[in-house]
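Undergrad: Can you look at this prediction? I've put the sequence above it.
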Amino acid sequence: MYQLDNPTTDAHGRRQPQLRVSGRREATQSPDIDGLLQKYLNRTATVAVVGLGYVGLPLSLTACEAGYRILGYDIDAATVDRLNGGHSPLNHITDARIGQAIADGRFLATVDDASFAEADAILICVPTPLGPHHEPDLTFVEASARSIAPHLRPGHLVVLESTTYPGTTRDVVKPILEAGGLVADVDFFLAYSPEREDPGNTDFATARIPKVVAGDGDAALRLAVALYDQFVVGTVPVSSLETAEAVKLTENIFRAVNIALVNELKIVYDRLGIDIWEVIEAAKTKPFGFMPFYPGPGLGGHCIPIDPFYLTWKARELGISTRFIELAGEVNANMPAYVVHRLREELDRRFRKGLSGARILVVGLAYKKNVSDLRESPALTVMELLDAAGAKVDYYDPFFPVIPPTRQHANLAGKASVPFEDYTLTRYDAAMIVTDHSGIDYSKLLRLSKLVLDTRNAVGALGLVDFRDVMVKA
């Protein structure tokens, strides 16, 4: 047993041990930092990835392709079986890529948390949704830490990648891991490196995106940097876990606020008879001082609609108001209602017809183009608003033959996509483009539709100008 000697304080005023502390699970020698570093540098380390979804799976495969052996852990047995059979659960990850990782002996998926004991590093890539009152829901993060804790051993590196509020890694994850007696920065090492995945972005895959990295102590930072430096274009070390957590929130708040701005401008310019898309295209020719963001029918995905509220929740805990962030959230949340209102206006202006009884086709369900991801998709809200107004609503999306169960739109589960055929498209009073998938024949949609409301500039981007009597931007 050892006692705390000469404690110092970190940048947050927390006492940091310099030697061993009492109460550990067992007395051991200090981990060999140089030996651990060498395992990462020569890529002989085994890495466990917790959560094999939109973040964990591409991260796992990228690390495999760099030479690491990956143990992929997921609580969903069906996902694990599918992956071990060489089949991808994500449309932007190919079966061939998974099959190659398996054939090379570098990837194995499992539901057995005992596999954590085999790993040198454990990366936590699980969702952090919001609760019913926009409060952080750390259920998956806490459950992951509790699954790791019984198998934690000296020398382990544990990295949280899930987006969360500043203080989560230190105040939530660390105590769970230390409950068994091992001590962070003494026996094992704890770090935070926020995920930066953009599903479907072919220009910036995982390996091409720099990783922000912070450690609970210098050794943890050195180990985490050594790990990530082997399979991403570069690492960006920062001074504390809280700083790294704040970096991720800042990135997504920046996007949410600027999207809210152009969404508000869209509403104003529409009333002035000005095309917001033309304005943005012209404005972005300025080589400084302007960055283009684009309007739409609302925000979707697991980042931008959710992450800002992690900071607003933390700020309220400190008695601080985040009016700017919350106003942006309000503007973006109102966009599905706005595009439904525009559809109602156009039906009335053109056909003297309201939404009640109108047949409407929603084109595109995914939250962004060319991905099979429905998380927080505004298309589901649009469908429910149309249904509430009395419209008869169908949808077409090549990525979703049937709508799967979702937390907030349970009544839509099981609804099937209609075929994108001539006889189908002519039945509707209007079609609304909500997600601008690349593989959709928009010229056919325009040719056969009475009215098309384009919320994504999908038609304008293709230069289809011969259908101005049919197409309206919203």
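TA: Happy to help now that I have it.
Undergrad: Show me where the stretch 1-150 of the chain has its helices.
TA: Taking DSSP state H, counting those that start in this stretch as the criterion, the stretch 1-150 of the chain carries its helices at 33-41, 56-66, 77-84, 95-103, 139-148.
Undergrad: Can you check which of those helices gets nearest to Pro404?
TA: Closest of those to Pro404 is helix 77-84, at 12.7 Å (criterion: CB to CB). C-betas here are computed from N, CA, C, even on glycine.
Undergrad: Which parts of the stretch 351-474 of the chain are helices?
TA: 378-388, 422-425, 442-448, 458-462.
Undergrad: Quickly note the distance from the residue nearest to Phe116 when sequence neighbours are not counted to Ser115.
TA: Leaving aside its sequence neighbours, Phe116 sits nearest to His151 (CB to CB, 6 or more residues apart in numbering; 4.0 Å). Going from His151 to Ser115 by CB to CB, to the nearest Å gives 8 Å.
Undergrad: Quick check: which ranges of this structure have low pLDDT?
TA: Residue ranges of the chain with pLDDT under 70: 1-29, 464-468.
Undergrad: thinking again about what came up before, of the helices of the stretch 1-150 of the chain, flag the one that's most buried.
TA: helix 56-66 (a mean of 24; mean count of other CB atoms under 10 Å).
Undergrad: still on that earlier bit, hey, which of the helices of the stretch 351-474 of the chain is tucked in deepest?
TA: Among these, the stretch with the highest mean neighbour count (mean count of other CB under 10 Å) is helix 378-388, at a mean of 21.
Undergrad: What residue spans form the domains of the chain?
TA: For the chain, automatic domain parsing gives the domain ranges 8-240, 271-300+334-473.
Undergrad: what's the spacing between the first one and its chain's center?
TA: From the chain centre to the centre of domain 8-240 is a distance of 16 Å (CA atoms, centre = their mean, to the nearest Å).
Undergrad: My guess is Trp194 contacts Pro166. True?
TA: Not quite, residue 194 is Pro, not Trp. No: taking contacts as CB atoms under 8 Å, Pro194 lies outside contact range of Pro166: 11.2 Å.
Undergrad: any residues in contact with both of the two?
TA: Both Pro194 and Pro166 are contacted by Glu245, under the criterion CB atoms under 8 Å, 6 or more residues apart in numbering.
Undergrad: before we move on, back to that, same list, the helices of the stretch 1-150 of the chain, but as JSON lines with distance to Arg456 please.
TA: Output for those, formatted as JSON lines (distance: least, CB to CB, whole Å):
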{"stretch": "helix 33-41", "distance to Arg456": "43"}
{"stretch": "helix 56-66", "distance to Arg456": "25"}
{"stretch": "helix 77-84", "distance to Arg456": "30"}
{"stretch": "helix 95-103", "distance to Arg456": "29"}
{"stretch": "helix 139-148", "distance to Arg456": "31"}
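Undergrad: Relative to Val172, how far out is the residue nearest to Phe116?
TA: To Val172, His151 is 19 Å away according to CB to CB.
Undergrad: The stretch 351-474 of the chain: strands as residue ranges?
TA: For the stretch 351-474 of the chain, strands defined by DSSP state E, counting those that start in this stretch occupy the ranges 359-363, 392-396, 430-433, 452-454, 471-473.
Undergrad: So which other helices or strands are in contact with the first one?
TA: Strand 359-363 makes packing contacts with helix 378-388, strand 392-396, strand 430-433 when contacts are defined by 3 or more CB pairs under 8 Å, 6 or more residues apart in numbering; DSSP states H and E.
Undergrad: Quick check: neighbours of the second one in the sheet, parallel or antiparallel?
TA: In this case it means strand 392-396. Strand 392-396 pairs in its sheet with strand 359-363 (parallel), by DSSP bridges.
Undergrad: May I have the strand it pairs with as PDB, with CA atoms only?
TA: What follows is strand 359-363 as a C-alpha-only set of coordinates in PDB (Å, rounded to 0.1, in the frame of the first residue of the first chain):
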ATOM      1  CA  ARG A 359     -52.100  13.500 -51.500                       C
ATOM      2  CA  ILE A 360     -48.500  14.400 -50.600                       C
ATOM      3  CA  LEU A 361     -45.300  12.500 -51.500                       C
ATOM      4  CA  VAL A 362     -42.300  13.100 -49.200                       C
ATOM      5  CA  VAL A 363     -39.100  12.500 -51.200                       C
END
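Undergrad: which residues touch it?
TA: 343, 379, 382-383, 386, 391-397, 418, 425, 427-435, 440, 445, 449.
Undergrad: So what would you say the end-to-end distance of stretch 164-178 is?
TA: 20 Å (CA to CA, to the nearest Å).
Undergrad: So for that stretch, what gets flagged as buried?
TA: Residues of stretch 164-178 classed as buried: Thr164, Tyr165, Pro166, Thr168, Thr169, Arg170, Val172, Val173, Lys174, Ile176, Leu177, Glu178 (neighbour count, 16 or more other CB atoms under 10 Å).
Undergrad: In helices, which of these appear?
TA: Counted as lying in helices by DSSP state H, out of those, are Thr168, Lys174, Ile176, Leu177, Glu178.
Undergrad: Was I right to think the first one contacts Pro175?
TA: Right, the one you point to is Thr168. No: in this structure, Thr168 is not within contact of Pro175 by CB under 8 Å, at 11.2 Å.
Undergrad: I am finished for the moment; much appreciated.
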